[in-house]
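[1] Please work out how this folds:
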Amino acid sequence: MFLRRIELQRDNISSYNQYPFSIPSIKNLDQLDLHNKVTFFVGENGSGKSTLLEAIADKCEFNTAGGGRNNFYEVDASESSLGDYIRLSWLPKVTNGFFLRAESFYNFATHIDTLGTGPYGGKSLHHQSHGEAFFSLFSNRFRGRGIYLLDEPEAALSPARQLAFLRILHDLVQEDDSQFIIATHSPILLGYPEAVILSFDNGEITEIEYEETDHFQLTKYFLQNREKFLKDILEEE
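    Predicted structure coming up:
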């Protein structure tokens, strides 16, 4: 493990009434200790998980639109408003890594094309399907000891590809001593063994078990009661 602690520098915050400090999970954050090579951020949209992940990427000096330290390009609204207010504690500090931001991956692919470098599966990321491009990134760019910050990597991955991604993640963690922090809605990814799951719901960041996540409970209920579930939703007045 490399990143050990995230602290909110409260003395530098003038007001908690403005974004992102108005987000309950951020407002109530003092420090967050990380004690596992794989940490998942979960929570409803707007709960703050992507906001904090982006701030970590900013402090790592990764491009907050997606990329590593050496990917220089600009995307509207890609700056992190929280990055200036957190402190990261490392042991040891690493500079290798990557920030995947699913919503702006197209811009990263365009950036790579302008460089004319980077064999991502032997062809331009734009000449691959969305899922293939994601997987090419995982397979070719994620190398060696590093910290990898992923915001909803399942966005372009089929269930089978998500399982294959877990194998890549596992190899990087076990063989290359890498660290992952992943914001996700995927019950498949959340099932990675011995990972720490941090929930951003209920106004604070708390560690929960896999079976306690809404992702697991809702998916399990749906699969076991599909007809009743759909009838209740589609026929309610």
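
[2] Under the pLDDT cut-off, which ranges of this protein? List them.
    69-80, 102-131, 236-237 (pLDDT under 70).

[3] Could I get the full set of helices for it?
    Ranges of helices within the chain are 24-27, 49-59, 105-115, 130-141, 159-175, 187-190, 214-224, 226-234, based on DSSP state H.

[4] Mean neighbour count, the ones you listed: which tops it?
    helix 49-59 (a mean of 23; mean count of other Cβ atoms under 10 Å). Every C-beta, even on glycine, is put in place using the N, C-alpha and C of the backbone.

[5] how far does it sit from the chain's center?
    Relative to the chain's own centre, helix 49-59 is displaced by 9 Å; criterion: Cα atoms, centre = their mean, to the nearest Å.

[6] Kindly export it (C-alpha atoms) in CSV.
    Extracted C-alpha coordinates of helix 49-59, given in CSV (Å, rounded to 0.1, in the frame of the first residue of the first chain):
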residue,chain,number,x,y,z
LYS,A,49,-17.6,9.4,-3.9
SER,A,50,-16.6,10.7,-7.3
THR,A,51,-15.8,14.1,-5.9
LEU,A,52,-13.4,12.7,-3.4
LEU,A,53,-11.8,10.4,-5.9
GLU,A,54,-11.2,13.3,-8.3
ALA,A,55,-9.7,15.3,-5.5
ILE,A,56,-7.3,12.4,-4.8
ALA,A,57,-6.3,12.3,-8.5
ASP,A,58,-5.7,16.0,-8.4
LYS,A,59,-3.3,15.7,-5.4
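
[7] for that helix, packing partners?
    strand 3-8, helix 24-27, strand 38-42, strand 86-90, strand 97-101, strand 147-151, strand 179-183 (3 or more Cβ pairs under 8 Å, 6 or more residues apart in numbering; DSSP states H and E).

[8] Please repeat the previous calculation with a cut-off of 6 Å.
    strand 147-151, strand 179-183 (3 or more Cβ pairs under 6 Å, 6 or more residues apart in numbering; DSSP states H and E).

[9] List of residues touching it?
    The contact list for helix 49-59 (Cβ atoms under 6 Å, 6 or more residues apart in numbering) reads 20, 41, 43, 64, 80, 82-83, 86, 88, 99, 149, 151, 183, 200.

[10] and if we set it to 7 Å?
    The contact list for helix 49-59, computed with Cβ atoms under 7 Å, 6 or more residues apart in numbering, reads 6, 20, 23, 26, 41-43, 64, 80, 82-83, 86, 88, 99, 149, 151, 181, 183, 200.

[11] same thing with stretch 183-193?
    With contact meaning Cβ under 7 Å, 6+ apart, stretch 183-193 is reached by 38, 40-42, 49-50, 53, 151-154, 159, 162-163, 166, 169, 182, 197, 210, 213, 215-216, 219.

[12] just stretch 212-224 next, same as before
    42, 185, 187, 190, 197, 210, 229.

[13] of all these, which two lie farthest apart?
    197 and 229 (24.0 Å; Cβ to Cβ).

[14] Pretty sure residue 16 sits against residue 22.
    Yes. Counting by Cβ atoms under 7 Å, residue 22 is a contact partner of residue 16 at 6.3 Å.

[15] With respect to residue 139, which of the helices and strands packed on helix 49-59 lies nearest?
    Nearest to residue 139 among the helices and strands packed on helix 49-59 is strand 147-151; the distance by Cβ to Cβ comes to 13.0 Å.
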